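In: coords please:
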Amino acid sequence: MVIYIFLPCNIFASFASSLTVDLLKQCGIVLIAAFAAQGFYLILNKFLYNRFPLERRIVMQYATTCNNAGFMGLPVIESVFGGLGTLYGAIVIIPMRIVMWTAGLSLFTKTNKKDQLKRLATHPCIWAVILGFAYLFSPVKLPDFLNGTVTMLSRCVTPLSMIIVGGILSEVDMKTVFEWPVFYYSALRLIAIPAIIFGVMALLGVDPVATGSVVLSAAMPAATTTAMLAQQYGRDSAFASKLIFVSTLISLVTLPLLGAFLKHYAGI
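Out: Residues are numbered from 1 along each chain as shown. Okay, the predicted model is just below:
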């Protein structure tokens, strides 16, 4: 329900704003930055995890390329930057979804382009972005009752996503979860990568809210799909669950700190 109903409503609702030239410009910058970030992740994957066994290396590479920006990221970004942040965050997930079902999935199995395109074309979050952009340019606006419904459904994302994350964390054996490869990944994904992206975007003088949205998206823990794909294709699903658990647990500390810093940086 979160992926197919509430999250698409949250994305669509973020596009209900006044269209300006500056907004379009910032959306373009965010999209370019998001594609550049995905390219950066793919480069990092070529040398960061070579010391680990293949079964674990694949899991860590996927979790670096595809984090939880779509599922957990949008509620966090909205809480820091409001609707404008959600709009930028929705744009950020476009390149991630493309890489998730192409280069990301190819880490586990060989897939043909037809299957990849089918997954992209039918993903509800991609369609929410497409319809949101169409709505942004359209002179026709939703009637109040329908707009209110979409808004109310969009507000369900944060509590429901936290419930689901809590459910995932509850299934992990605490006695075996803490090992150094998991902390190594978490330090890279939650601290080092966002710091590098922030430094580059700040040096380029990108709008603070756009910068904050991209950086927060980059600071999300491992995606829940990491464990599902690892289990489906016979990789180390137990290790994938540990990555999700520990990175999500640590993010409960790093994300509020990073969010407070970026909010101050944006002058909000």
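In: Residue ranges in the stretch 101-250 of the chain under the pLDDT threshold?
Out: 110-113, 116, 119-120, 158, 161-162, 164-166, 168-169, 171-172 (pLDDT under 70).
In: so where do the helices sit in it?
Out: Counting by DSSP state H, counting those that start in this stretch, the stretch 101-250 of the chain has helices at residues 105-106, 113-121, 124-137, 144-154, 157-170, 180-187, 193-203, 208-218, 225-232, 237-265.
In: any idea which residue sits dead centre in the protein?
Out: Nearest to the mean C-alpha position of the chain, by C-alpha atoms, centre = their mean, lies Ala69 at 1.2 Å.
In: separation between the nearest residue to that one once chain neighbours are set aside and Arg155?
Out: Excluding the flanking residues, the one nearest Ala69 by C-beta to C-beta, 6 or more residues apart in numbering is Ser217, at 4.1 Å. The way it works is simple: take the backbone N, C-alpha and C, and place the C-beta from them, glycine included. Between Ser217 and Arg155 the distance, using C-beta to C-beta, to the nearest Å, works out to 20 Å.
In: Check Val59 too.
Out: From Val59 to Arg155 the distance is 33 Å (C-beta to C-beta).
In: Kindly report the same for Leu48.
Out: 37 Å.
In: for Phe133, what are its contacts?
Out: By C-beta atoms under 8 Å, 6 or more residues apart in numbering, Phe133 lies in contact with Phe15.
In: quick one: it and Thr226, what's the gap?
Out: 29 Å.
In: Next: Val200.
Out: Applying C-beta to C-beta to Val200 and Thr226 gives a distance of 26 Å.
In: Same drill for the two, tell me which one is more crowded.
Out: Each of Val200 and Thr226 has its neighbours counted (other C-beta atoms under 10 Å); Thr226 has more, 30 against 17.
In: hang on, the residue nearest to Ala69 packs against Ala34?
Out: Yes - at 7.5 Å, Ser217 counts as touching Ala34 under the criterion of C-beta atoms under 8 Å.
In: Identify the contacts common to these two.
Out: Shared contacts of Ser217 and Ala34, counting by C-beta under 8 Å, 6+ apart, come down to Val92, Ile93, Met96.
In: and the second one, how many neighbours?
Out: Residue crowding around Ile93 was assessed by other C-beta under 10 Å; the count is 24.
In: and what of Thr86?
Out: Thr86, neighbours per other C-beta under 10 Å, totals 25.
In: Wait, it touches Leu7, no?
Out: No - judged on C-beta under 8 Å, Thr86 makes no contact with Leu7 at a distance of 10.7 Å.
In: Would you mind listing the residues touching both of the two?
Out: Counting by C-beta under 8 Å, 6+ apart, the residues touching both Thr86 and Leu7 are Leu74.
In: ok so, going back, can you name the residues that contact the residue nearest to Ala69?
Out: Neighbours of Ser217 in contact, by C-beta under 8 Å, 6+ apart: Ala34, Ala37, Asn67, Ala69, Gly73, Ile77, Gly89, Val92, Ile93, Met96.
In: Which of these fall in helices?
Out: Among the contacts of Ser217, DSSP state H puts Ala34, Ala37, Ile77, Gly89, Val92, Ile93, Met96 in helices.
In: show me the contacts for the first one.
Out: Ala34 makes contact with Ile91, Val92, Ile93, Ile94, Pro95, Met96, Val214, Ser217, according to C-beta under 8 Å, 6+ apart.
In: Against Thr122, how distant is the second one?
Out: In this structure, Val92 and Thr122 are separated by 20 Å, where distance is defined by C-beta to C-beta.
In: and if you look at the fourth one?
Out: According to C-beta to C-beta, Ile94 and Thr122 sit 15 Å apart.
In: Quick check on the two: which one has the bigger neighbour count.
Out: Per other C-beta under 10 Å, whichever of Ile94 and Thr122 has more neighbours is Ile94, with 20 against 9.
In: Mind checking the pLDDT average for stretch 28-43?
Out: Mean pLDDT, computed over stretch 28-43, is 95.
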